[in-house]
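# What shape does this take:
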Amino acid sequence: MTAPPQSDAPPDTTGWQRHQLTENADPAAAAGSEHTGSRSFSQRLQLVAEPLRRASGPVTMLGLVAAAAVVIGLLVVWLTNWSEFLALALVAGVLLLIASVFLVGRSSYGVEVKLQSGRVVAGERATGELVIRNTGTHRLLPARVELPVGGNLASFRVPSLPAGGSHDELFVIPTERRAVIRVGPATSVRGDPLGLLRRQVRWTGVTELYVHPQLTRLHGAATGSVKDLEGQPTRELSSNDVSFHQLRQYVPGDDRRYVHWRTSARTGVLMVRQFEETRRTHLAVALSLAADEYHTPADLELAISAAASLGVQAMSEERPVTVCAGAAVLHGASARRLLDRFSALEAEPATAGVVGAGQLASSAVPNASVAVMITGGAVSPPVLRHAGAGFSVGVRVVALQVRSGAALSLGTVGRVDVATVGSLDELPRALRSLKAA
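Below is the predicted model of the structure:
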């Protein structure tokens with residue numbers, strides 16, 4: 001008996017043979033044949049379910065009710081021979097058949113969503129334009145285009161478009177509150193008047209509109225730091241720096257370059273210069289996002305605007321600044337990027353309060369020269385004292401308590417200078433008062 005001729009063609013790996021190869025390649029499936037059988041059944045079930053899912057995709061909830069009426073009506077007629085249910089099944093079936101005619105054909109749209117600007121300030125007018133073109137060679141029937149704008153859904157009626165025709169729609173985006181508004185995706189909707197069947201086609205992606213918080217300009221060194229080139233002196237003493245402090249007696253190990261020879265010759269004792277350690281001006285902003293620390297949501301918005309104003313002013317003066325909001329550090333290579341991060345802030349649980357934000361800022365910026373903690377009017381003085389205790393001794397700690405409508409007032413809690421601000425316009429005056437204190 002001769003062996004069958006060998007063929008150079010690759011083995012057939014379709015159907016059941018492909019399934020066997022796949023299962024054998026899986027080490028976990030080699031433990032027993034029962035795994036292969038169960039997976040084979042699940043894969044076959046998915047092959048059957050996928051066409052059913054695609055077929056039922058355009059069917060709305062009302063369409064499912066109509067389809068159920070057809071099935072139940074025919075079942076009752078078969079069991080009881082009631083002609084009334086036959087009429088019900090026929091009516092529902094005819095309606096589904098007529099509704100399917102509205103889905104015949106393909107749409108060839110070119111849809112574009114244009115925003116007047118990708119970034120606006122809260123309260124400014126923001127508009128967009130929806131441009132719909134017929135990119136096909138045949139006239140398209142009327143349709144409807146839906147465009148999600150934030151939490152709302154805008155619906156536009158598109159007339160019948162000839163080949164190469166276009167239709168424009170203008171829309172206004174509400175920007176009363178700081179937020180990141182997602183615009184899109186634009187989806188064309190075709191369906192019957194009764195709403196039994198509905199086909200949706202997505203044409204665009206999602207475009208984000210950043211609504212920045214309102215800002216106020218802080219002139220000059222209103223952030224509480226000193227304009228200099230080398231840095232800001234601290235209370236820590238050093239044997240090598242630029243800010244002279246005093247003369248002291250020489251001890252072994254001191255650098256002889258700092259020996260003050262004239263004084264040493266006059267006193268007969270070797271004296272060396274001692275300096276105050278200078279530190280590069282670095283602003284740390286700790287913003288509380290805990291909702292229970294603010295009396296109203298407007299107070300939280302005021303606090304975010306104050307923090308954003310401090311960060312943007314420091315960047316405009318080319319000063320290092322680190323903003324900690326709640327439990328996160330807001331990174332931004334530019335003022336625009338930093339404001340984008342402020343746009344996405346939301347109220348958080350109590351763990352993101354001023355104490356947590358202060359601890360995060362003190363660990364993220366241990367060499368800060370000025371730390372500004374921003375919180376609401378519901379925070380008690382002991383909490384402010386505890387929040388400011390986490391910063392090192394050489395750091396000046398300032399606390400801004402925002403309470404809408406309150407008069408500007410100054411105070412001190414331990415080593416923390418406290419200012420109560422009732423509006424964003426009072427922020428520059430409050431910082432100048434703290435600087436002069």
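# what ranges of the stretch 301-437 of the chain fall below the confidence cut-off?
352, 436-437 (pLDDT under 70).
# the helices in the stretch 251-400 of the chain, which residues?
261-267, 297-316, 335-343, 354-364, 381-388 (DSSP state H, counting those that start in this stretch).
# Now do the buried residues in the shortest one.
Counting neighbours by 16 or more other Cβ atoms under 10 Å, one finds that the buried residues in helix 261-267 are Ser264. (Glycine included, C-beta is placed from N, CA and C.)
# likewise the longest one?
Residues of helix 297-316 classed as buried under the neighbour-count rule (16+ other Cβ under 10 Å) are 299-315.
# Now do that helix against helix 335-343, angle only.
160 degrees (axes from the mean of the first three to the mean of the last three Cα atoms, to 10 degrees).
# got the angle for helix 297-316 vs helix 354-364?
20 degrees.
# In this protein, which residue is most central in space?
Ala344 (4.6 Å; Cα atoms, centre = their mean).
# Okay, domains of this protein per the record?
With domains defined by automatic domain parsing, the chain comprises 52-101, 109-212, 232-279, 283-436.
# To Leu218, which of those lies closest?
Closest of the domains of the chain to Leu218 is domain 283-436, at 4.3 Å (criterion: Cβ to Cβ).
# just the domains of the chain: most buried one?
Most buried of those, by mean neighbour count (mean count of other Cβ atoms under 10 Å): domain 283-436, with a mean of 20.
# and that one, how far out from the chain's middle?
Averaging C-alpha positions (Cα atoms, centre = their mean, to the nearest Å) puts domain 283-436 20 Å from its chain's average.
# Stretch 177-188 now?
Distance, centroid of stretch 177-188 to centroid of chain: 13 Å (Cα atoms, centre = their mean).
# Only alpha carbons, please: show it as CSV.
Extracted as CSV, the C-alpha positions of stretch 177-188 are listed here (Å, rounded to 0.1, in the frame of the first residue of the first chain):
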residue,chain,number,x,y,z
ARG,A,177,-19.3,78.1,34.2
ARG,A,178,-15.7,77.0,33.9
ALA,A,179,-15.6,73.5,32.4
VAL,A,180,-14.2,71.3,29.7
ILE,A,181,-17.0,71.0,27.2
ARG,A,182,-16.9,68.0,24.8
VAL,A,183,-18.5,68.8,21.4
GLY,A,184,-19.3,65.8,19.3
PRO,A,185,-19.3,63.3,17.8
ALA,A,186,-21.7,64.5,15.0
THR,A,187,-24.0,61.6,14.1
SER,A,188,-26.5,61.4,11.2
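# picking that back up, output the helices of the stretch 251-400 of the chain in a markdown table, with distance to Glu426 appended to each entry.
Formatted as a markdown table, these follow (distance: least, Cβ to Cβ, whole Å):
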| stretch | distance to Glu426 |
| --- | --- |
| helix 261-267 | 50 |
| helix 297-316 | 10 |
| helix 335-343 | 20 |
| helix 354-364 | 20 |
| helix 381-388 | 19 |
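# which residues does the nearest residue to Leu103 once chain neighbours are set aside form a beta bridge with?
Leaving aside its sequence neighbours, Leu103 sits nearest to Arg199 (Cβ to Cβ, 6 or more residues apart in numbering; 5.0 Å). The partner list for Arg199 in beta bridges (DSSP bridges) reads Arg190.
# what's the spacing between Arg199 and Arg106?
Distance, Arg199 to Arg106, by Cβ to Cβ, to the nearest Å: 10 Å.
# what do you get for Ala68?
Ala68 is 29 Å from Arg106, by Cβ to Cβ.
# Then Arg133?
15 Å.
# Next one: the residue nearest to Val365 when sequence neighbours are not counted, what pLDDT does it get?
Once flanking residues are discounted, Val365 sits nearest to Ala284: 4.2 Å by Cβ to Cβ, 6+ apart. In this model, Ala284 is scored at 93, pLDDT.
# just checking, Ala284 touches Ala361?
Yes - assessed by Cβ atoms under 8 Å, Ala284 is found in contact with Ala361 at 4.5 Å.
# Name the residues contacting each of these two.
322, 324, 368, 371 (Cβ atoms under 8 Å, 6 or more residues apart in numbering).
# out of everything not next to it in sequence, what's closest to the third one?
Read that as Ala368. Ala284 (4.0 Å).
# got the residue ranges for the strands in the stretch 151-300 of the chain?
Per DSSP state E, counting those that start in this stretch, the stretch 151-300 of the chain carries strands over the ranges 152-158, 166-173, 179-183, 187-191, 198-202, 207-212, 232-238, 243-249, 271-279, 283-287.
# would you list those strands in TSV and tack on distance to Leu86?
Formatted as TSV, these follow (distance: least, Cβ to Cβ, whole Å):
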stretch	distance to Leu86
strand 152-158	38
strand 166-173	45
strand 179-183	50
strand 187-191	27
strand 198-202	28
strand 207-212	52
strand 232-238	91
strand 243-249	100
strand 271-279	90
strand 283-287	70
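# And those strands: which comes nearest Leu64?
strand 198-202 (11.6 Å).
# orientation of that closest one relative to strand 187-191 in degrees?
Using the same axes, to 10 degrees, strand 198-202 lies at 160 degrees relative to strand 187-191.
# How far does strand 198-202 sit from its chain's centre?
Worked out by Cα atoms, centre = their mean, strand 198-202 lies 28 Å from the chain centre.
# which helices and strands sit right next to it?
strand 187-191 (3 or more Cβ pairs under 8 Å, 6 or more residues apart in numbering; DSSP states H and E).
# quick one, the strand it packs on and strand 152-158 angle?
Using the same axes, to 10 degrees, strand 187-191 lies at 60 degrees relative to strand 152-158.
# and strand 187-191, what's its mean pLDDT?
Mean predicted confidence for strand 187-191 is 85.
# And that strand, what does it pack against?
Using 3+ Cβ pairs under 8 Å, 6+ apart: strand 187-191 touches strand 143-149, strand 198-202.
# how about 10 Å then?
strand 109-115, strand 143-149, strand 152-158, strand 198-202 (3 or more Cβ pairs under 10 Å, 6 or more residues apart in numbering; DSSP states H and E).
# So what touches the first one?
So the one you mean is strand 109-115. Residues outside strand 109-115 that contact it (Cβ atoms under 10 Å, 6 or more residues apart in numbering): 126-136, 140, 143, 145, 147, 149, 158, 161, 166-168, 170-171, 173, 181, 183-188, 201-209.
# switch to 7 Å and redo it
When contacts are defined by Cβ atoms under 7 Å, 6 or more residues apart in numbering, strand 109-115 is touched by residues 128-135, 145, 183-184, 186, 188, 203-204, 207, 209.
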